[in-house]
Every structure is written in structure tokens, then in C-alpha cells.
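Undergrad: Have a look at this fold, sequence not included:
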């Protein structure tokens with residue numbers, strides 16, 4: 001296990017370099033000049049624009065600009081926002097709990113939706129429950145998250161007034177307030193992932209229930225609960241765990257849009273504002289955090305294989 005962790009930590013370095021440089025190139029291709037925006041927009045004078053470009057090293061070649069950012073990042077500084085002048089690191093530290101709480105809540109929703117539906121479909125394939133669960137999962141996969149979020153706001157927030165439509169309450173200030181604020185965004189993000197998990201668990205469970213060791217467990221007089229939970233479900237969960245770990249990236253990407261819909265002060269809205277303002281340090285910093293979070297989840301998934309499959313643990 002220690003070697004696995006060490007290999008994963010070493011693999012993070014080239015991934016971060018590639019992602020940061022790719023984002024740097026993509027933002028360089030975006031139309032517009034950040035110096036004009038920072039100098040005052042349409043009212044900016046040529047002299048003021050030239051001063052801003054020199055101050056931010058925008059006249060340097062692209063590789064030199066990237067090297068300036070990389071050397072600062074290696075010293076623990078993600079730079080300063082071009083539009084606000086605030087430290088990117090401090091802003092990320094303040095906004096990360098918002099996005100992290102939203103992703104965790106959405107992951108819980110996806111598990112609540114996906115696991116029961118997958119079990120009901122896999123235990124009795126072809127039945128009425130299976131048909132209903134598959135219809136729900138197909139609908140969950142087909143509906144875009146932003147459209148679902150707007151629909152939930154229209155029905156549950158505006159019409160019925162059960163949940164607030166926008167706004168955010170920190171969990172440290174009020175857990176009840178945080179729960180009310182995060183429910184609609186979490187459902188918006190979690191339904192699609194839950195539908196994916198339900199489909200994967202159904203297929204894996206059907207295959208597991210048809211294996212020799214499960215038939216042997218039935219022949220030895222095992223109860224439905226013991227055979228399903230101790231034998232079939234545990235082995236069928238490995239592909240589901242893999243899919244779930246990969247879907248965390250979907251939750252992070254979806255949070256960028258969902259936070260904008262529900263006015264959450266998280267990393268998603270911060271990144272969108274950075275893209276709009278051509279604020280390279282902001283976009284770079286948030287992207288690095290997203291990559292680190294996704295790779296940490298991938299490592300946790302790999303470590304969970306040792307618990308789910310003894311052969312992996314022995315290897």
C-alpha cells in the first residue's frame with residue numbers, strides 16, 4: 001500500500017505540470033486583452049494599458065510568463081488575482097469548504113439514489129421494479145444538471161417555498177441553514193451520478209448473482225440477506241466504486257455551473273469570474289486544486305480495492 005501511495009504522489013507532478021500549461025495556453029487563446037480590462041476598459045488610455053502590461057509581464061513571451069507563474073507556485077504562492085488584487089491562495093482557502101461541502105452532499109445524494117435502485121434492479125431483473133428503476137436512471141442521465149437545477153428552483157423554491165432559491169449559509173454558522181441551502185444544489189448534481197451508479201450496480205449485481213460462489217452459498221443454505229450482502233454485493237461493488245471515484249470529477253465540473261445558478265460563493269463561481277476577467281492566476285489556482293482533489297479520490301478508490309477484493313490486498 002505504501003508503494004501505491006508513493007507512486008501516485010510522484011505521478012501528480014507531471015499531471016499538474018501538463019494541466020497548468022494546458023490551461024495557460026487555452027487562456028492565451030481567449031479573445032480579449034486583460035491589460036485593457038484592468039486599465040479601465042474602454043476608457044483606458046494607451047499609456048495606462050502599456051503600464052499594466054509591463055507590470056504584469058504580459059509583454060514577455062508565453063513561456064516566460066508561464067515560468068514566472070510556475071516559480072511562484074513552487075514557492076507556495078498561487079499568485080495574486082489580476083482583477084481584485086487579492087491572494088489567490090487565501091481566496092481558495094476561504095471558498096474550498098463551500099465547494100467541498102457541496103460535492104460531499106451531492107455524493108451522498110448519488111449514493112442514496114444509486115445503491116437502492118441498483119440493488120432493486122439487479123436482484124430481480126426484468127420485473128416491474130427493474131423497469132421503473134431503469135426508467136428513472138435513464139431520465140436522470142438524460143436531464144442536464146443546469147435544467148434540473150432551474151426546475152427544482154421553480155417548483156420547490158419559488159412555487160412551494162420549501163427551500164431557498166439562492167444564497168449560502170456556512171455550516172459553522174448554522175447546520176440547519178446550511179442543509180436547507182445545499183439540498184437543491186446537491187440534488188441537482190447528485191441525481192445524474194446516482195443514475196450512473198444504479199446502472200453500473202445493476203449490471204455488476206446480475207453478473208455476481210450468476211457466479212459459482214454465489215450458487216454455492218445458496219446451496220449451503222445461506223439466507224437472501226447473507227448471500228446478497230456478504231457475497232454478491234461486495235464483489236459487485238468494485239466496478240461501482242471505480243465509477244463513483246471517476247464521477248467525483250463530474251461533480252467538481254458540475255459545481256462550476258450549479259454554484260452559479262444557486263449563488264454559492266465557492267470555487268466554481270470564483271473560476272468563472274476568473275475566466276470572464278482573463279484572470280490567469282485564479283483559473284490556474286482553482287484548476288490545480290480540482291486536479292489534486294480528483295487524484296486524491298482516485299487514490300482512495302485504489303486503496304478501497306484492498307478491502308473489497310482480498311486478491312488485490314495480497315498483491
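TA: Cool, the structure landed. None of these values were measured; they are calculated from a predicted model.

Undergrad: Pretty sure residue 213 sits against residue 227.
TA: No: with contact defined as C-beta atoms under 8 Å, residue 213 does not reach residue 227; the gap is 9.8 Å. C-betas here are computed from N, CA, C, even on glycine.

Undergrad: who's more crowded, those two?
TA: A direct count of neighbours by other C-beta atoms under 10 Å for residue 213 and residue 227 places residue 227 higher, at 20 against 11.

Undergrad: So that one is in contact with residue 218, correct?
TA: Yes: the pair residue 227 / residue 218 is scored as a contact, 6.0 Å apart, by C-beta under 8 Å.

Undergrad: Now do the shared contacts for the two.
TA: Common contact partners of residue 227 and residue 218 (C-beta atoms under 8 Å, 6 or more residues apart in numbering): none.

Undergrad: where does this protein dip in pLDDT?
TA: Within the chain, the ranges that satisfy pLDDT under 70 run 1-2, 4-5, 306-315.

Undergrad: how much space between residue 9 and residue 273?
TA: 32 Å (C-beta to C-beta, to the nearest Å).

Undergrad: Counting neighbours, go ahead and name the busier of those two.
TA: The residue with more neighbours, out of residue 9 and residue 273, is residue 273; 16 against 11, by other C-beta under 10 Å.

Undergrad: Wait, that one touches residue 279, no?
TA: Yes: assessed by C-beta under 8 Å, residue 273 is found in contact with residue 279 at 7.2 Å.

Undergrad: what is in contact with those two at once?
TA: residue 83.

Undergrad: Name the next helix or strand following the strand or helix carrying residue 110 along the chain.
TA: Assigned by DSSP states H and E, residue 110 belongs to helix 88-123. The helix or strand immediately downstream of helix 88-123 is helix 128-142, counting by DSSP H and E.

Undergrad: same for that next one, what does it pack against?
TA: On a contact count with 3 or more C-beta pairs under 8 Å, 6 or more residues apart in numbering; DSSP states H and E, helix 128-142 meets helix 88-123, helix 175-209.

Undergrad: Pull out the buried residues from it.
TA: 130, 133-134, 136-137, 140 (16 or more other C-beta atoms under 10 Å).

Undergrad: quick check, nearest of these to residue 35?
TA: Each of the buried residues of helix 128-142 was scored against residue 35 by C-beta to C-beta, and residue 140 proved nearest at 45.1 Å.

Undergrad: Can you tell me the closest non-neighbouring residue to that closest one?
TA: Sequence neighbours aside, residue 195 is the residue nearest to residue 140 in space, at 3.1 Å (criterion: C-beta to C-beta, 6 or more residues apart in numbering).

Undergrad: which ones are touching the one you found?
TA: 113-114, 117, 136-141.

Undergrad: out of those residues, which one sits closest to residue 29?
TA: Taking C-beta to C-beta as the measure, residue 29 lies nearest residue 141 of the contacts of residue 195, at 32.0 Å.

Undergrad: where's that closest one relative to residue 157, distance?
TA: From residue 141 across to residue 157, the span is 24 Å (C-beta to C-beta).

Undergrad: now residue 185
TA: Distance from residue 185 to residue 157, by C-beta to C-beta: 11 Å.

Undergrad: who has more neighbours, those two?
TA: With neighbours defined as other C-beta under 10 Å, residue 185 and residue 157 compare such that residue 185 has more, 30 against 16.

Undergrad: To which secondary structure element type does the residue nearest in space to the middle of the chain belong?
TA: Centroid-nearest residue in the chain: residue 252, 2.1 Å away (criterion: C-alpha atoms, centre = their mean). On the three-state scheme (DSSP: H, G, I helix; E, B strand; the rest coil), residue 252 is labelled helix.

Undergrad: Please name the nearest non-neighbouring residue to it.
TA: Spatially, and ignoring its direct neighbours in sequence, residue 252 is nearest to residue 290 (5.2 Å; C-beta to C-beta, 6+ apart).

Undergrad: Could you give the number of residues near residue 180?
TA: Residue 180 has 15 nearby residues by other C-beta under 10 Å.

Undergrad: Before I go, just wanted to say thanks for your time.
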